[in-house]
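[1] structure of the sequence below:
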Amino acid sequence: MNHYAFGHGLVGQSTATPGRRKARILAVDDDPGLLRLLTIRLRAENYDVEAVENGVQALAAASRYRPDLVISDLRMDQMDGISLLRELQSRWPGLKVIMLTAHGTIPDAVQATQMGAFGFLTKPVEKQELLTQVQKALKVSGFADSAEEWRAEIITRSALMEETLAQAHMVAGTDAHVLLTGESGTGKELLARAIHKASPRRSKPFVVVNCANTDEEQLDAEIFGRAENGSVRATRGLWLSAEGGTLLLDEVGELPQRLQQKLMRCLQENMVRPVGSVDGIPVNVRVISCSARDLQQLIAAGQFREDLYYRLNVVHIELPSLARRREDIPVLAAHFLGQLVQESGCERKIFAPEALELLATTDWPGNVRQLSNVVRQTCALAQTPIVPVELVEQSLGGVHSKLPSFDEARDEFTRTYLSQILQITGGNVSQAARLAKRNRTDFYKLLGRHQLVPDDFKSRS
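    Down below sits the predicted model:
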C-alpha cells in the first residue's frame, strides 16, 4: 500500500496502528544535515516524511503531498519561515506548522506563534521535545479523526468533498437507509464502503448488488435467494448474506418494477422471501442505494416507485463531480501514480507541468474513474520518467475542454453583456452607455475592442 492509504504511527510506538495511514510531515530547512536528522528521527517513529530545502519547494510539495504537519526553519533564503507560514495558512487554514529557530531568533519565533504557528523548537533540536511537539500538533490538527480507517481510501483536499464526508460520517452511526447520487465515476461505491466501515456494522458483511443486471430472474434469485424446487438448487441470496451488515444496491434506478415491489415489501416487513417460497425470513440489513440517474425523473416517467424512493432516501448524499473538486486532480493523479508503482514495481513517474495543467483544466465526464484510466494509460505509454502533455492529449482522444483563463472568461462575459444591452436599446449607443453607466467614449472603445457594430442591432423594418 502507498502512503496515501494505510498505516499510522504514534510517538513512542515502533509499529503502525492497523488500518491507518501514516501521518505525513513536510520538513523544510536549508541545512541539509539538520534536514536529514529530522527525517531519520521522524521516520524512525513511523511517520511519512518529505524533506525540502526552501519555502518555494515547500509550497509545491504541500500541494502534491498534502501534509498533516509542517516543520519549517524560520530563517531561509528565497522565502523565510514567516512568509511560508502566512502562505500555508492562506491555502490550508487548518494545517499546523512548527517553527525551528536558533537561540538568537526566539523573538521571531514567538511572533510566528502569535501569527498562528503551533509552536517552535530551538536548535539543536532535542529528540524527545521534537516528538512530543509533533504528537501534540497532530492531535490538535484532528489527524487521528480525519485519518481513520473508514475514509482512508478516499483521496481529497476539497472543502466540498470534506462536507460530503462529514455528512457520511454522521449518518454512519445510525441505521438509516442512505441514497448516494452523483455522476458515473464519482466514487459512490467507495463512499458506501466508507459509511459501512464507520458504522457499528463494520464487522459484518458489506454486500454489493448490481441492479443493472439485465436478466430479471437471475437478479431476483441473486438478491432474494431461491427455495429448493425440484431440480432447482436453493440459494441463499445476497440479502440474507448481508445479515447484520450493509447491502449496497448499485444503480438502483435500473431495478425492474417487479423487483422494486419485492424490495419495498422486504423493507416494510424486515423480511425476505426467497424465490419459490411462501414464508419470510427475518433480516437485519442496512441498505445503501446508489444511482447516477435522476430517480425523481424516473418516478415522473412511471419507471420507479415513489414509495420505494422515499423508503430508500431517508438520508440523501450527493457526490460532487470531479469538475467541482478540481483541487483534488493533482493529488489524485499522484495517488494513482503511486498505486502503479506498488502494483507493478515500475519506476515512479511524474507529469510534466503542462500535462498536469491539462489534467487540472480538462472536463472529466467520467470523473475520478476516467482520471485513473488516463493516468494508467499515459504511464504505460511514457518512455521517460516525465509524462509529456502530448501523451495526455492522446489519452484524452483530443476531446477535452479546457477551462478559459480569467481574461478569456471576462472578455466573453463583457461581449455577451454588451450584445444584450445593444439588443435592448436597438443599437442606440447613447442609451446603451447610460444603462451601462459608462460615458459614450469609453463605451465606443469597448464596442471596438469586442468587434461589436451598433448598426447590427438596429431594427431593419
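[2] got a list of contacts for the helix or strand harbouring residue 296?
    In this assignment (DSSP states H and E), residue 296 forms part of helix 295-300. Residues outside helix 295-300 that contact it (C-beta atoms under 8 Å, 6 or more residues apart in numbering): 179, 181, 252-253, 304-306, 309, 313. Where C-beta positions appear, they are placed from N, C-alpha and C, glycine not excepted.
[3] list buried members of the residues you listed by neighbour count.
    Among the contacts of helix 295-300, those classed as buried by 16 or more other C-beta atoms under 10 Å are 179, 181, 252-253, 304-305, 309, 313.
[4] in strands, which of those residues fall?
    Of the positions in those, 179, 181 sit in strands, assigned by DSSP state E.
[5] ok, so of the buried ones among the contacts of helix 295-300, who is nearest residue 23?
    Nearest to residue 23, judged by C-beta to C-beta, of the buried ones among the contacts of helix 295-300 is residue 181 at 33.3 Å.
[6] which residues touch the closest residue to that closest one other than its chain neighbours?
    Nearest non-adjacent residue to residue 181, counting by C-beta to C-beta, 6 or more residues apart in numbering: residue 318, 5.0 Å away. With contacts defined as C-beta under 8 Å, 6+ apart, residue 318 is in contact with 164, 180-182.
[7] output these as JSON lines; include the columns distance to residue 226 and pLDDT.
    As requested, the contacts of residue 318 are arranged in JSON lines below (distance: C-beta to C-beta, whole Å; pLDDT from 0 to 100):
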{"residue": "164", "distance to residue 226": "38", "pLDDT": "89"}
{"residue": "180", "distance to residue 226": "29", "pLDDT": "97"}
{"residue": "181", "distance to residue 226": "31", "pLDDT": "97"}
{"residue": "182", "distance to residue 226": "33", "pLDDT": "95"}
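[8] among the residues you listed, who's most crowded?
    When neighbours are counted by other C-beta atoms under 10 Å, residue 180 leads the contacts of residue 318 with 27 neighbours.
[9] the protein: strands as residue ranges?
    According to DSSP E, the strands that the chain contains are 24-28, 48-52, 69-73, 96-101, 119-122, 178-181, 206-210, 246-250, 271-272, 281-282, 286-291, 315-318, 350-351, 386-387.
[10] okay, those strands in JSON lines with distance to residue 420 next?
    Shown next, in JSON lines, are those (distance: least, C-beta to C-beta, whole Å):
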{"stretch": "strand 24-28", "distance to residue 420": "49"}
{"stretch": "strand 48-52", "distance to residue 420": "50"}
{"stretch": "strand 69-73", "distance to residue 420": "48"}
{"stretch": "strand 96-101", "distance to residue 420": "48"}
{"stretch": "strand 119-122", "distance to residue 420": "56"}
{"stretch": "strand 178-181", "distance to residue 420": "35"}
{"stretch": "strand 206-210", "distance to residue 420": "49"}
{"stretch": "strand 246-250", "distance to residue 420": "45"}
{"stretch": "strand 271-272", "distance to residue 420": "60"}
{"stretch": "strand 281-282", "distance to residue 420": "64"}
{"stretch": "strand 286-291", "distance to residue 420": "38"}
{"stretch": "strand 315-318", "distance to residue 420": "33"}
{"stretch": "strand 350-351", "distance to residue 420": "41"}
{"stretch": "strand 386-387", "distance to residue 420": "43"}
